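Enquirer: A predicted structure for the sequence below; I have some questions about it.
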Amino acid sequence: QVQLVESGGGLVQAGGSLRLSCAASGHTFSRYAMAWFRQAPGREREFVAAISASGGVTNYADSVKGRFTISRDNAKTTVSLQMNSLKPEDTAVYYCAGRYAPESWSRIRGVEYDYWGQGTQVTVSS
C-alpha cells in the first residue's frame, strides 16, 4: 500500500508556471504507475498525465500536451508535474494517483488507479 501527498499548488497568472509534486510513502514506489488528474468546480474529474513505473511510458491529455511534463524520481519516491504556459482553464484541484503495475503499464482512466492523494489547488488568473 502507498500513501500519496501532493504539494506545490497555488495561485499563478496566465502564462506562468507551477511544479506539482507528489510524495509517496512505501519502498515499492518503483513498481507503481503514477498519474495526475484534475477536477474543476462543477466538472467531472479528468485525466492530465500518466507515467509508467519504469518512467519509459508517458501519456498526456490533449489539452496539456506541449505544456505539461510528468516525471518521476524513484529514488526520492516522488512524481512531479511541471506545468508551463498555464491557462485559466487549468484551474482545478489536482490529484496524484497510483497503482501497482507492470513496468510499462500506463493508463488514463481514473478507475484503474487504486491510491489517491488529497489534492492540491491550482488557480490560474487571467
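Expert: Yes, it's here.
Enquirer: only C-alpha atoms for contact and neighbour calcs from this point on.
Expert: Fine.
Enquirer: just the strands in the protein please.
Expert: Secondary structure of the chain (DSSP state E): strands at 4-7, 10-13, 18-24, 32-39, 46-51, 58-60, 68-73, 78-83, 92-100, 115-116, 120-125.
Enquirer: quick one: strands adjacent to the third one?
Expert: Taking DSSP bridges as the criterion, strand 18-24 pairs within the sheet with strand 4-7 (antiparallel), strand 78-83 (antiparallel).
Enquirer: just so I know, which of those strands lies nearest G66?
Expert: strand 78-83 (9.6 Å; C-alpha to C-alpha).
Enquirer: the inter-axis angle of the closest one versus strand 46-51?
Expert: 120 degrees (axes from the mean of the first three to the mean of the last three C-alpha atoms, to 10 degrees).
Enquirer: can you pull up the most central residue in this protein?
Expert: What sits nearest the mean C-alpha location of the chain, by C-alpha atoms, centre = their mean, is W36, with 2.3 Å.
Enquirer: and it, how far from L81?
Expert: Distance from W36 to L81, counting by C-alpha to C-alpha, to the nearest Å: 8 Å.
Enquirer: go on, L18?
Expert: Separation of L18 from L81 (C-alpha to C-alpha): 8 Å.
Enquirer: those two - which one has more neighbours?
Expert: Neighbour comparison, L18 and L81: the larger count goes to L81, with 23 against 19 (by other C-alpha atoms under 10 Å).
Enquirer: what's that one in contact with, if anything?
Expert: By C-alpha atoms under 8 Å, 6 or more residues apart in numbering, L81 lies in contact with R19, L20, S21, W36, F68, T69, I70, S71.
Enquirer: mind giving me TSV with the strands paired with strand 18-24 and columns for mean pLDDT and distance to G56?
Expert: TSV is the format used below for the strands paired with strand 18-24 (pLDDT from 0 to 100; distance: least, C-alpha to C-alpha, whole Å):
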stretch	mean pLDDT	distance to G56
strand 4-7	97	21
strand 78-83	98	13
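Enquirer: now the ones you listed as TSV including distance to V48?
Expert: Converted to TSV, the strands paired with strand 18-24 look like this (distance: least, C-alpha to C-alpha, whole Å):
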stretch	distance to V48
strand 4-7	15
strand 78-83	9
